[in-house]
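# the following comprises the amino acid sequence and a computationally predicted model.
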Amino acid sequence: MLFTPRFIILSQPECEASVKDLESLVSLLSRKKSKMEQEEAETNLQILLDFMHCLRKKKLDELNEIQSDLQHIKKYIHAVERHRVELYQIKDNPLRNGSLHQTYEEFQ
């Protein structure tokens, strides 16, 4: 806090200050306090906004990763379902030319 010469004079015990001087000082301190509170509120809102942007980006990245995983799982489900149908077809028709031994690579 900066001490103006007027404040230093008012704080000396041998000096008496007028009511007007005291009111002026209180008014100045009140304005400075309001300004500091406003700056603090703006800073806090900026910090919150930055945090929310970072959180949103992180959640979007997580969502994209989950969506990618779901696409892979969906492909694997379709591959397993196709293989299952083929096995039933071979079971129902053992003379059909087909192989029971598919490799893992066919699922990808």
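Thanks, I have it.

# by contact count, what packs against the helix or strand containing Thr43?
Assigned by DSSP states H and E, Thr43 belongs to helix 19-92. For helix 19-92, the packing partners by 3 or more CB pairs under 8 Å, 6 or more residues apart in numbering; DSSP states H and E come out as helix 5-11. Any C-beta I mention is one placed from the backbone N, CA and C, and that applies to glycine too.

# burial of Leu25, as a residue count?
15 (other CB atoms under 10 Å).

# again, but for His83
The burial count for His83: 14, using other CB under 10 Å.

# how about Asp21?
A count of neighbours around Asp21, defined by other CB under 10 Å, yields 15.

# check what pLDDT it gets.
We have a pLDDT of 91 for Asp21.

# send the alpha carbons of stretch 35-45 over as PDB?
Output in PDB follows, covering the C-alpha atoms of stretch 35-45 (Å, rounded to 0.1, in the frame of the first residue of the first chain):
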ATOM      1  CA  LYS A  35     -11.200  -1.300  -7.700                       C
ATOM      2  CA  MET A  36      -9.100  -4.200  -6.200                       C
ATOM      3  CA  GLU A  37     -12.300  -6.300  -5.600                       C
ATOM      4  CA  GLN A  38     -13.300  -5.800  -9.300                       C
ATOM      5  CA  GLU A  39      -9.800  -6.700 -10.500                       C
ATOM      6  CA  GLU A  40      -9.900  -9.800  -8.300                       C
ATOM      7  CA  ALA A  41     -13.300 -10.800  -9.600                       C
ATOM      8  CA  GLU A  42     -12.100 -10.400 -13.200                       C
ATOM      9  CA  THR A  43      -9.000 -12.400 -12.500                       C
ATOM     10  CA  ASN A  44     -11.000 -15.200 -10.900                       C
ATOM     11  CA  LEU A  45     -13.500 -15.300 -13.800                       C
END
